[in-house]
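Trainee: structure here, sequence nowhere to be found:
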């Protein structure tokens with residue numbers, strides 16, 4: 001496997017800003033404002049966008065704006081800075097324009113490159129096209145006396161060619177004939193991907209493309225890179241944005257494009273473990289979070305009902321009724337319910353397992369219990385889960401994410417302490433090490 005050239009393990013947020021706004025007294029106002037974001041409003045990766053977000057006639061000015069703003073504010077920006085330049089697999093003139101902008105932005109005499117972590121390349125094609133972009137990076141570094149491989153390269157997957165190219169990365173990276181080890185992010189671009197695939201939907205809306213998101217996550221995992229989902233255009237649909245992130249996280253794609261500072265906040269918090277644990281009940285394809293009342297978790301929906309019947313119970317789920325004794329009811333409710341652990345719960349379990357390993361045990365049982373109330377009837381639920389090394393490593397992923405965030409985003413330390421408490425943060429930073 002090729003040696004990675006970047007330290008970040010996770011990127012939650014990929015935030016783009018137009019580099020030049022036409023008709024404004026200060027054409028750089030959008031990136032000037034973005035460069036001053038801090039805390040949860042500031043992304044892990046900020047992308048001054050000199051491609052789609054900026055009119056073609058404004059891109060030369062946009063490159064100059066990047067230099068000015070990054071030279072002034074880049075040292076204080078808490079995330080990484082990766083400008084997007086123009087590129088196209090089928091257009092040599094477009095590629096050359098992007099190369100010239102990279103050369104200008106990375107010129108040390110202009111004062112910006114010391115705060116620039118890399119560039120984002122859109123509209124890539126097959127693996128040979130990725131190598132062309134990589135060669136331009138190497139030329140820019142050579143021209144300006146920068147260390148070879150110091151500029152990270154992220155690509156946007158916007159074509160079938162690019163999707164297939166991800167499967168060739170393991171074979172190509174690390175060869176002496178390229179510097180593809182500089183690769184950092186694989187970012188989905190579903191809009192142009194839809195166009196390239198010539199896809200049609202009855203409403204004209206974008207397909208969900210779960211296959212693309214899976215393939216990008218898989219490609220990133222195989223090559224030691226980081227996967228990021230594309231933009232979620234309905235910026236007012238906060239719940240939809242959260243649902244999209246939840247779906248992505250189940251695929252191992254923990255990062256997502258953000259179009260507004262509000263989306264940045266949601267995406268920065270989304271992959272982190274919750275501050276409070278919660279019990280959920282699923283019925284009829286819907287999952288409902290149970291309300292806690294004095295230590296009892298109460299179901300108030302209408303898809304599940306429960307009543308006593310003689311020496312047993314009648315449990316109705318989506319219109320289907322079963323008569324059950326106490327043990328059978330317990331088992332059925334265990335199937336319907338699940339617990340979402342808090343950060344503190346995860347840390348507790350990991351600490352307990354680490355103590356067991358030190359004591360010479362290979363596996364231990366963890367018990368999760370609660371009392372559920374349905375239609376006034378309370379049932380105590382309890383289940384054991386065996387923890388072994390594989391379970392421990394799986395639980396470690398959200399903690400490793402948290403540790404990566406804490407180490408790389410000191411501007412969010414106060415937010416994280418407020419969310420979890422200083423004690424939980426300290427323990428989370430020490431567990432698993």
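Mentor: Yep, that arrived. All values derive from a computational prediction rather than experimental measurement.
Trainee: tell me what the longest helix along the chain is packed against?
Mentor: Looking across the chain with DSSP state H, the single longest helix is helix 389-408. Using 3 or more C-beta pairs under 8 Å, 6 or more residues apart in numbering; DSSP states H and E as the contact criterion, the elements in contact with helix 389-408 are helix 343-358, helix 413-420, helix 422-430. Quick note: C-beta positions are derived from backbone N, CA and C, even for glycine.
Trainee: which other residues reach the first one?
Mentor: Translated: helix 343-358. 272-275, 277, 341, 363-364, 366, 387, 391-392, 395-396, 398-399, 402, 420, 424, 427-428, 431-432 (C-beta atoms under 8 Å, 6 or more residues apart in numbering).
Trainee: just the buried positions in the helix or strand just after it, please.
Mentor: Downstream of helix 343-358, the first helix or strand assigned by DSSP states H and E is strand 364-374. Within strand 364-374, the residues that count as buried by 16 or more other C-beta atoms under 10 Å are 364, 368, 370, 372-374.
Trainee: now do stretch 423-433
Mentor: Quick answer for stretch 423-433 (16+ other C-beta under 10 Å): 424-425, 427-428, 431-432.
Trainee: in TSV: these, plus pLDDT and distance to residue 212.
Mentor: TSV is the format used below for the buried residues of stretch 423-433 (pLDDT from 0 to 100; distance: C-beta to C-beta, whole Å):
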residue	pLDDT	distance to residue 212
424	97	36
425	97	36
427	97	38
428	97	33
431	93	35
432	86	32
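Trainee: which of those residues lies closest to residue 182?
Mentor: Set against residue 182, the nearest of the buried residues of stretch 423-433 by C-beta to C-beta is residue 432 (28.9 Å).
Trainee: I figured the closest one was touching residue 400, is that so?
Mentor: Yes: using C-beta atoms under 8 Å, residue 432 is in contact with residue 400, at 6.9 Å.
Trainee: what about residue 359, how many neighbours?
Mentor: As a burial measure, residue 359 scores 8 neighbours (other C-beta atoms under 10 Å).
Trainee: swap that for residue 239, please
Mentor: That count, for residue 239 with other C-beta under 10 Å as the rule, works out to 8.
Trainee: ok but it is inside a helix, no?
Mentor: Yes: under DSSP: H, G, I helix; E, B strand; the rest coil, residue 239 falls within a helix.
Trainee: where does the stretch 1-150 of the chain have low pLDDT?
Mentor: Counting by pLDDT under 70, the stretch 1-150 of the chain shows low-confidence ranges at 1-5.
Trainee: now the helices for it?
Mentor: 29-34, 59-73, 92-105, 127-143 (DSSP state H, counting those that start in this stretch).
Trainee: reformat the buried residues of strand 364-374 as CSV; add distance to residue 165 and pLDDT.
Mentor: Output for these, formatted as CSV (distance: C-beta to C-beta, whole Å; pLDDT from 0 to 100):
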residue, distance to residue 165, pLDDT
364, 45, 90
368, 44, 88
370, 48, 94
372, 50, 96
373, 54, 96
374, 52, 96
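Trainee: would you mind measuring from residue 225 to residue 54?
Mentor: Separation of residue 225 from residue 54 (C-beta to C-beta, to the nearest Å): 26 Å.
Trainee: should've said residue 35
Mentor: With C-beta to C-beta as the criterion, residue 35 and residue 54 are 16 Å apart.
Trainee: looking at the two, which one has more neighbours?
Mentor: residue 54 (27 against 22).
Trainee: can you report phi and psi for that one?
Mentor: phi -120, psi 130 (degrees, to the nearest 10).
Trainee: doesn't residue 19 make contact with it?
Mentor: Yes: counting by C-beta under 8 Å, residue 54 does reach residue 19; the two are 5.0 Å apart.
Trainee: hmm, who's touching the helix or strand encompassing residue 321?
Mentor: Assigned by DSSP H and E, residue 321 belongs to strand 320-324. The contact list for strand 320-324 (C-beta under 8 Å, 6+ apart) reads 309, 312-316, 332.
Trainee: that'll do, ta.
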